[in-house]
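Peer 1: No letters, just coordinates:
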């Protein structure tokens, strides 16, 4: 039977449904906070080896990389799903199952999508599928929060211009991300003279200065070319109620799908900071992370490529496929002009909550989508 046929995909999905669920329940308990994905990385590497992978390794960024046909072909297609979750837990993640609903932190974002990628890879390995291009399977690190897409950045650092097309499996069924939301994140620290709240009354208070700074940041008029946002998400400082604060820090970010808008926000941010410095305020800036927006891309070719992917999704998913914007691993290739989609392969909800859930009955649909997307590159040239 042709390994690319509908019957071959259907039979494989049906025959391996239980294995996929067991794999999800096993991997979903392994903690993997961003920048500390070691346990999941080791598990995934061993799993790929057990499926017959001949070249699989963990790189410096804690990506698990499985190469298929990359030595025979110069051009590479990347298929990626991330191992990290938003929660800091270092101990086993709590999980419960009620019928076909599986609950666990990070179970849909992104563990279930990763399972579909892993099971799709098993199909290639067991059937020794020949490929038209090199296939790079990546269980990547650092997609969430302060991971700042470090895993995906490392892939492009190491494979560079060889990468011609890119798929990230993330989000939920019916979602296809075609436009990246870029962001810049900072830690801003104000330092001041401080002192005793009574004896040194009148000395500069870092908290007061920071509150003035925040007010100025919130007066910024966002550009209108694309949706652009900003946020102060955390503030800390001071020591006691009877001390004039010597130090205060905030975490601040701005986001946009437009690189031009991001640049405008950057200019506004630094103008405010410099204005405060010119008034004698002591301010320190630490860049915590940068996620790029859309770069220069062949729009017609990208539209055709995306439409083909959407047609594959619709073959198995009966609902509407929504093209949208989001901050995902696809930010990196899209910023470099490489065609990339982030595609959801699981039904669920409550991402970034400890009560996150997935519907196990949606695994066959998602796995079928993954397999057919991958099998586009099967065969010899």
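Peer 2: Structure received. Everything numeric here is computed off the predicted structure, so don't read it as measured data.
Peer 1: Geometrically speaking, which residue is the centre of the protein?
Peer 2: Centre of the chain computed as the mean C-alpha position; nearest residue by Cα atoms, centre = their mean is residue 143, 3.4 Å away.
Peer 1: Return the distance of it relative to residue 37.
Peer 2: 10 Å (Cβ to Cβ, to the nearest Å). No exception for glycine: its C-beta is placed from N, CA and C like everyone else's.
Peer 1: In this structure, what helix or strand scores lowest on average pLDDT?
Peer 2: Taking mean pLDDT, DSSP states H and E as the measure, helix 6-15 is the helix or strand of the chain with the lowest mean score, a mean of 92.
Peer 1: Residues contacting the helix or strand just after that helix from elsewhere in the structure, which ones?
Peer 2: Using DSSP states H and E, the helix or strand that follows helix 6-15 in sequence is helix 17-27. With contact meaning Cβ atoms under 8 Å, 6 or more residues apart in numbering, helix 17-27 is reached by 40, 43-44, 47, 95, 97, 102, 107, 111-112, 114-116, 118-119, 358, 360, 363-364, 367.
Peer 1: packing partners for the next helix or strand after helix 17-27?
Peer 2: Using DSSP H and E, the helix or strand that follows helix 17-27 in sequence is helix 38-50. When contacts are defined as 3 or more Cβ pairs under 8 Å, 6 or more residues apart in numbering; DSSP states H and E, helix 38-50 sits against helix 17-27, strand 56-58, strand 64-68, helix 112-126, strand 134-140.
Peer 1: and if we set it to 6 Å?
Peer 2: strand 56-58, strand 64-68 (3 or more Cβ pairs under 6 Å, 6 or more residues apart in numbering; DSSP states H and E).
Peer 1: For the stretch 251-381 of the chain, which segments count as strands?
Peer 2: Along the stretch 251-381 of the chain, counting by DSSP state E, counting those that start in this stretch, strands occupy 282-291, 322-326, 339-344, 348-349, 357-359.
Peer 1: Give me whichever of those strands is most buried.
Peer 2: The highest mean neighbour count among the strands of the stretch 251-381 of the chain, using mean count of other Cβ atoms under 10 Å, belongs to strand 339-344: a mean of 26.
Peer 1: Paired strands for that one, with orientation please.
Peer 2: Sheet pairing of strand 339-344 (DSSP bridges) gives strand 163-173 (parallel), strand 175-180 (antiparallel).
Peer 1: need the contact list for the residue nearest to the centre of the chain.
Peer 2: 82, 84, 329 (Cβ atoms under 6 Å, 6 or more residues apart in numbering).
Peer 1: For it, which non-adjacent residue is spatially closest?
Peer 2: residue 82 (3.7 Å; Cβ to Cβ, 6 or more residues apart in numbering).
Peer 1: Spell out which residues sit in contact with the one you found, please.
Peer 2: 110, 140, 143.
Peer 1: quick one: what helix or strand has the residue of the chain positioned farthest from its centre in it?
Peer 2: For the chain, the residue at maximal distance from the C-alpha centroid (Cα atoms, centre = their mean) is residue 199, at 50.7 Å. Using DSSP H and E, residue 199 is not contained in any helix or strand.
Peer 1: for it, phi and psi?
Peer 2: The phi/psi pair for residue 199 (degrees, to the nearest 10) reads phi -70, psi -30.
Peer 1: Same question for residue 355.
Peer 2: Torsion angles, degrees, to the nearest 10, at residue 355: phi -90, psi 10.
Peer 1: give me the number of residues near it?
Peer 2: Residue 355 is flanked by 11 other residues according to other Cβ atoms under 10 Å.
Peer 1: how close does it sit to residue 345?
Peer 2: 21 Å.
Peer 1: and residue 78, which of the three is it?
Peer 2: Here residue 78 is strand, with the state taken from DSSP: H, G, I helix; E, B strand; the rest coil.
Peer 1: Is it bridged to anything, and to what?
Peer 2: What pairs with residue 78, by the bridge criterion (DSSP bridges), is residue 136, residue 166.
Peer 1: was I right about it contacting residue 136?
Peer 2: Yes. Counting by Cβ atoms under 6 Å, residue 136 is a contact partner of residue 78 at 4.8 Å.
Peer 1: Which residue of the two possesses the greater neighbour count?
Peer 2: Between residue 78 and residue 136, counting by other Cβ under 10 Å, residue 78 is the more crowded of the two (27 against 22).
Peer 1: So how do I select the buried members of the contacts of helix 17-27 in ChimeraX?
Peer 2: Applying 16 or more other Cβ atoms under 10 Å to the contacts of helix 17-27 leaves a buried subset, and the ChimeraX line that selects it is:
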select :40,43,44,47,102,107,111,112,114,115,116,118,119,358,360,363,364,367
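Peer 1: picking that back up, now do the residue nearest to the centre of the chain against residue 373, distance only.
Peer 2: When residue 143 is compared with residue 373 (using Cβ to Cβ), they lie 19 Å apart.
Peer 1: Also residue 240?
Peer 2: 58 Å.
Peer 1: So between those two, which is more surrounded?
Peer 2: Each of residue 240 and residue 373 has its neighbours counted (other Cβ under 10 Å); residue 373 has more, 21 against 7.
Peer 1: residues contacting the more buried one?
Peer 2: Counting by Cβ under 6 Å, 6+ apart, the residues that residue 373 touches are residue 312.
Peer 1: any idea how far residue 247 is from residue 43?
Peer 2: 41 Å.
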